[in-house]
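Undergrad: here is the input, now give the coordinates:
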Amino acid sequence: MNTEPDSLTIGAFAKAAGVNVETIRFYQLKGLLPTPDRPYGSIRRYGGADVARVRFVKAAQRLGFSLDEIGQLLKLEDGTHCSEAAELGALRLADVRARLADLKRMEAALSRLVSECRAHRGNVTCPLIASLHDGPPADNSNP
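TA: The predicted structure is shown next:
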């Protein structure tokens, strides 16, 4: 496969970036990836910079950034806007920490309910099923 600059077809580009063709088109639609010109009677060509950009988008998504946030990061990628990028990162970090706190509360509630289920034998109401009928388990971590 020829990987010289701007020599990849959209299919080869998608394969090199580890995504499918629809993802490429979606990123173009969202403005995350430029759509190259189509020379008369020819097909669009992509290069290594395009592959790197898609990999950047996918890496940012794995960190939980939204496509809008990724668009903002792409505008800051020249390296001179580290403080602005840090602000976006700090917001994402705060969101991750909030989600972790929620997951810890969920873990504690489920752990308690599973323990209660295992402790109940015979023809009694299952504590897990009963709590789901009654609504969310009480959060005993807050006064």
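Undergrad: got any ranges where this protein has weak pLDDT?
TA: 1-5, 123, 136-143 (pLDDT under 70).
Undergrad: any idea which residue sits dead centre in it?
TA: Gln61 (3.5 Å; CA atoms, centre = their mean).
Undergrad: CA atoms only: put the host helix or strand of it into CSV for me.
TA: Secondary structure from DSSP states H and E places Gln61 in helix 48-62. Extracted C-alpha coordinates of helix 48-62, given in CSV (Å, rounded to 0.1, in the frame of the first residue of the first chain):
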residue,chain,number,x,y,z
GLY,A,48,-0.5,10.8,7.1
ALA,A,49,-1.6,14.0,8.8
ASP,A,50,-5.2,12.9,8.3
VAL,A,51,-4.5,9.5,9.9
ALA,A,52,-2.8,11.3,12.8
ARG,A,53,-5.8,13.6,13.3
VAL,A,54,-8.3,10.7,13.4
ARG,A,55,-6.0,8.9,15.9
PHE,A,56,-6.0,12.1,18.0
VAL,A,57,-9.8,12.2,17.9
LYS,A,58,-10.1,8.5,19.0
ALA,A,59,-7.5,9.0,21.8
ALA,A,60,-9.5,12.0,23.1
GLN,A,61,-12.7,10.0,22.9
ARG,A,62,-11.1,7.3,25.0
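Undergrad: let me know how buried Pro127 is, in neighbour terms.
TA: Pro127: 18 surrounding residues under other CB atoms under 10 Å. From N, CA and C alone the C-beta is placed, and that goes for glycine too.
Undergrad: pretty sure it sits against Glu116.
TA: Yes - at 3.9 Å, Pro127 and Glu116 qualify as touching, with contact defined as CB atoms under 8 Å.
Undergrad: quick check: phi and psi on Lys30?
TA: Dihedral pair for Lys30: phi -80, psi 0, per degrees, to the nearest 10.
Undergrad: what of Met106?
TA: phi -60, psi -40.
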